[in-house]
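J.: I'd like to go over a predicted model; first the sequence, then the structure.
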Amino acid sequence: MSISDWFKAREARRYTAVNGERVAGDVPDGVWNKCSSCKRIVYEGQLVANLRVCPYCGNHFDLTAFERIDLLADPGSFAEFDAGVGSTDPLGFVAAKPYTVSLESARERSGLTEGVVVGRATIGDHPVVLGAMDFRFIGASMGSAVGEKIARSFEVATSERRAVVLCTASGGARMQEGMLSLMQMAKTSAAARRLAEARLPYISVLTNPTMGGVTASFAVLADVVLAEPGALIGFAGPRVIEQTIKQHLPKGFQSSEYLLEHGMVDEVVVRGQLTARVTTLLGYLAGGGEQA
């Protein structure tokens, strides 16, 4: 290689983005990730093999809805339903940009129709309705479509005698839909109540973050409430609370570990043990898991 060709190759090097930083290297994009907790650089292949948990500090990286479903469901068992249910713009809402633009951008970025994916599956051979929220879609905020899909999940499970397993990750209610969004709290809670009256199990897995109207409704109405380590769980954010009460909050306030100590969460489970734990709980709560 001539010296001129060497310089051309050097200039044509690809760069790897690490949390907004540009790092030179002869590797494709996305090979490295930076842990938000310990700040160590982690090889993507190692992160995938470790279920997207930092091998150095145990920090749990975010998962997409389908990554969570693949983690929990028996291979090949998941069959999505209500995939076409999505929000419209009933209020003609416009803030920094129109709500319709936000929806279209979220759909393009995530590849999803809405902020939650639901479907039938088996977990450890137990028939369930399995759902997972995806924070990439407008913070998986609960608008009318998310609330409808969650409520239908409970209804399908009730009619088919299945357990329900939901993985939550949400910023709360979707302000662009106003009162229609707030109504979803009552709707999803009522659907969860009907499942309980049918004596069918419901397991909730709270992940980072689970906030606002989702926490204040169906997310904490489960028979067993599990949480991932270090997850932020609550209603209002800690800064809002501090500004309201004019006091500093305890260290770790609203973390899954803090809520476990105070009885809001039943167990904090690391991601690598989650599938086995949910399977065990389904065995306790659903018996043989037979459908009616």
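T.: Now that the structure is in, tell me what you want to look at.

J.: and F218, how many neighbours?
T.: Using other Cβ atoms under 10 Å, F218 is surrounded by 30 other residues. For glycine as for every other residue, the C-beta is placed from the backbone atoms N, C-alpha and C.

J.: thought it was touching T188?
T.: Yes. Contact status for F218 versus T188: in contact at 4.0 Å, counting by Cβ atoms under 8 Å.

J.: between those two, what contacts are shared?
T.: Counting by Cβ atoms under 8 Å, 6 or more residues apart in numbering, the residues touching both F218 and T188 are 150, 154.

J.: Can you tell me the element the residue lying closest to V129 once chain neighbours are set aside falls in?
T.: Nearest residue to V129 in three dimensions, chain neighbours excluded: A157, at 4.2 Å (Cβ to Cβ, 6 or more residues apart in numbering). Using DSSP states H and E, A157 sits within helix 144-160.

J.: Which elements pack onto the helix or strand that that helix is followed by?
T.: Downstream of helix 144-160, the next assigned helix or strand under DSSP H and E is strand 163-170. Packed against strand 163-170 by the contact rule (3 or more Cβ pairs under 8 Å, 6 or more residues apart in numbering; DSSP states H and E) you find helix 65-72, strand 126-133, helix 144-160, strand 202-210, helix 212-215, helix 271-286.

J.: Quick one: mean pLDDT for strand 163-170?
T.: On average, the pLDDT along strand 163-170 is 98.

J.: With stretch 136-144 instead?
T.: The average of the pLDDT scores along stretch 136-144 is 97.

J.: Now do the strands in the stretch 1-150 of the chain.
T.: Counting by DSSP state E, counting those that start in this stretch, the stretch 1-150 of the chain has strands at residues 15-18, 21-24, 32-34, 41-43, 79-80, 116-123, 126-133.

J.: Need the winner for burial among these.
T.: Among the strands of the stretch 1-150 of the chain, ranked by average contacts under mean count of other Cβ atoms under 10 Å, first place goes to strand 126-133 (a mean of 26).

J.: Contacts only, for the residue found closest to G86 once you drop the neighbours it is linked to in the chain.
T.: Distance criterion Cβ to Cβ, 6+ apart; nearest residue to G86, sequence neighbours excluded, is T113 at 4.2 Å. Neighbouring residues of T113 by Cβ under 8 Å, 6+ apart: 83-86, 107, 145.

J.: Take the strands of the stretch 1-150 of the chain and write them to CSV, including mean pLDDT and distance to Q184.
T.: Compiled in CSV, those are given as follows (pLDDT from 0 to 100; distance: least, Cβ to Cβ, whole Å):
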stretch, mean pLDDT, distance to Q184
strand 15-18, 45, 36
strand 21-24, 46, 39
strand 32-34, 93, 34
strand 41-43, 95, 37
strand 79-80, 98, 20
strand 116-123, 98, 11
strand 126-133, 98, 13
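
J.: Out of the ones you listed, the one nearest V101 is which?
T.: Proximity to V101 (Cβ to Cβ) singles out strand 116-123 among the strands of the stretch 1-150 of the chain, at 20.9 Å.
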